[in-house]
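Chemist: Only the shape, not the letters, is given here:
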RNA sequence: GCCGCGAUGGGGUAGCUUGGUCAUCCUGUGGGACUGUGGAUCCCUAGACUCGCGUUCAAAUCGCGAUCGCGGCCCCA
């Protein structure tokens, strides 16, 4: 027996129905927000990701040399490929350019609950500028998508790295020097951040203020004691989101996302039920394109961990029903088999999901099968009924049976569908 | 890459401590009782000790290693 590779999954029919259901739900919400879908290759030049995240990530991705000696890797995320695509081919589209995507990503990491080596990411980017409206649009899209899934227990936390950065800058720690400190603060490793800040020449007062700031969270008025551009900006973003009708959002200045290319608003969503791997969404405003050799353009985007979102929904017991077969066609005997084929074909052309007996089983077994696969109706094709051009339609839930003419069958089943 | 726990038919399990009949039971699959009517019941059939090495007269059971999964670290979605 050949096992599937570590950290990968097979998805059975019911699982795929669920996955496709949520995938198309999210897709239609993106379309409703005026985003358009793109798709990029599943593998890229390794350089794309090392440029974005540093050489260290090679340890965590599927990277290899192809037969032409090129450094290739399976994509670990989708923001970098989309920005690459933008620089390569989409720079002349009207802005803001609003894109979304869905697809598998790969990471070479130790699998555990909610973490796989192949996982699916659904995400969106708005490319073009940096305004509160744009950031609010993106956060609003993420919030709408999660809301639509019916997920109950999750928190959307929004911060702005400008607030911490300016505090550090005031204390004389600016630019790249601030990065290692921000990374520690992101993980709430104060014991490690403090010596770094001391080493950078910051006063005890300054250090304390920085640490206190990362612990600020709650409704927007927790910002009232702060001032500066970033604070005003964040308030504007919240104001717009209020007008969009979102209420379940909170400020959390501890959301730092310690990566160099984030420039402004940053946000994360987590579902506490998931344990260690609880983050289901992350994003923010960033500036990446110039790193890849393009013009400098501001963007805001996010990625949703599709698998984790489904796991969270499953834990809440709110994964939906299975898709049901509308009609199962049973020929009563040898003599009506070909007529049953005709009827099945007719139903399928008429948009009714239909299946028929392929195993030449007797009636009793066929009913058991129809029940087991959850068919709504069984169409009984027998000689007696055919004499009047009709078939018997049995409703599997109620057990009631109705004679329906073959011509009227599609509209009968179509109405019964509701 | 690190620490800990685990792995028995498709799914769920008993057996493992204290090695010793044909490996337990439930469910699901296929067939039959039921040659024009399901969800019940009964019968039959097929189906498993993750893999390798070792200890032993004898290993599902004990030891080592690998693989995979789970909880966490790292990292991150």
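Modeler: Arrived safely. On a predicted model such as this, the values are computed, not experimentally measured, just so you know.
Chemist: Helix or strand with the lowest mean pLDDT in chain A?
Modeler: helix A:179-186 (a mean of 79; mean pLDDT, DSSP states H and E).
Chemist: Please point out which parts of that helix sit buried.
Modeler: Of the residues in helix A:179-186, those scored as buried under the neighbour-count criterion (16 or more other CB atoms under 10 Å) are A:181-186. Placement of C-beta: from N, CA and C, glycine included.
Chemist: ok, then the element right after that helix?
Modeler: On the C-terminal side of helix A:179-186, the nearest following helix or strand under DSSP states H and E is helix A:190-199.
Chemist: I'd like the mean pLDDT over that following helix, please.
Modeler: Predicted confidence along helix A:190-199 averages 82 (mean pLDDT).
Chemist: The following helix or strand past that helix packs against which elements?
Modeler: Scanning forward in sequence from helix A:190-199 by DSSP H and E, the next helix or strand is helix A:204-214. With contacts defined as 3 or more CB pairs under 8 Å, 6 or more residues apart in numbering; DSSP states H and E, helix A:204-214 has these neighbours: helix A:161-170, helix A:179-186, helix A:190-199.
Chemist: how many other residues sit next to residue A:392?
Modeler: 17 (other CB atoms under 10 Å).
Chemist: So in terms of bridging, what pairs with it?
Modeler: Listed beta-bridge partners, residue A:392: residue A:380, residue A:403 (assigned using DSSP bridges).
Chemist: what sits against it?
Modeler: For residue A:392, the residues meeting the contact criterion (CB atoms under 8 Å, 6 or more residues apart in numbering) are A:379-380, A:382, A:385, A:401-404.
Chemist: Tabulate these (JSON lines), appending distance to RNA strand B and pLDDT.
Modeler: Output for those, formatted as JSON lines (distance: CB to the nearest atom of the strand, whole Å; pLDDT from 0 to 100):
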{"residue": "A:379", "distance to RNA strand B": "11", "pLDDT": "96"}
{"residue": "A:380", "distance to RNA strand B": "5", "pLDDT": "96"}
{"residue": "A:382", "distance to RNA strand B": "3", "pLDDT": "93"}
{"residue": "A:385", "distance to RNA strand B": "6", "pLDDT": "93"}
{"residue": "A:401", "distance to RNA strand B": "6", "pLDDT": "93"}
{"residue": "A:402", "distance to RNA strand B": "11", "pLDDT": "94"}
{"residue": "A:403", "distance to RNA strand B": "9", "pLDDT": "95"}
{"residue": "A:404", "distance to RNA strand B": "12", "pLDDT": "96"}
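Chemist: Can you pick out the most distant pair from those?
Modeler: The largest distance within the contacts of residue A:392, taken as CB to CB, falls between A:382 and A:402 and amounts to 14.1 Å.
Chemist: For these two, work out which one has more neighbours and name it.
Modeler: Here residue A:382 and residue A:402 are compared on neighbour count by other CB under 10 Å; more neighbours surround residue A:382, at 19 against 13.
Chemist: Quickly note the distance from the more buried one to residue A:329.
Modeler: Separation of residue A:382 from residue A:329 (CB to CB, to the nearest Å): 12 Å.
Chemist: tally of neighbours for residue A:351?
Modeler: By other CB under 10 Å, 12 other residues sit near residue A:351.
Chemist: Surely it is within a helix?
Modeler: No. Secondary structure assignment (DSSP: H, G, I helix; E, B strand; the rest coil) places residue A:351 in coil, not in a helix.
Chemist: which ones are touching it?
Modeler: In this structure, residue A:351 makes contact with A:410, A:414, judged by CB under 8 Å, 6+ apart.
Chemist: Now do the residue nearest to residue A:213 when sequence neighbours are not counted against residue A:214, distance only.
Modeler: Of all residues not flanking residue A:213 in the chain, residue A:253 sits nearest, at 5.3 Å (CB to CB, 6 or more residues apart in numbering). Summarising the geometry, the distance separating residue A:253 from residue A:214, computed by CB to CB, is 6 Å.
Chemist: Kindly point out which residues are neighbours of both of those two.
Modeler: When contacts are counted by CB under 8 Å, 6+ apart, the set common to residue A:253 and residue A:214 consists of residue A:164.
Chemist: more crowded one of the two?
Modeler: Applying other CB under 10 Å to residue A:253 and residue A:214 shows that residue A:253 carries more neighbours, namely 27 against 22.
Chemist: coming back round to it: which other helices and strands does the least confident helix or strand of chain A contact?
Modeler: Packing contacts for helix A:179-186, counted by 3+ CB pairs under 8 Å, 6+ apart, involve helix A:161-170, helix A:190-199, helix A:204-214.
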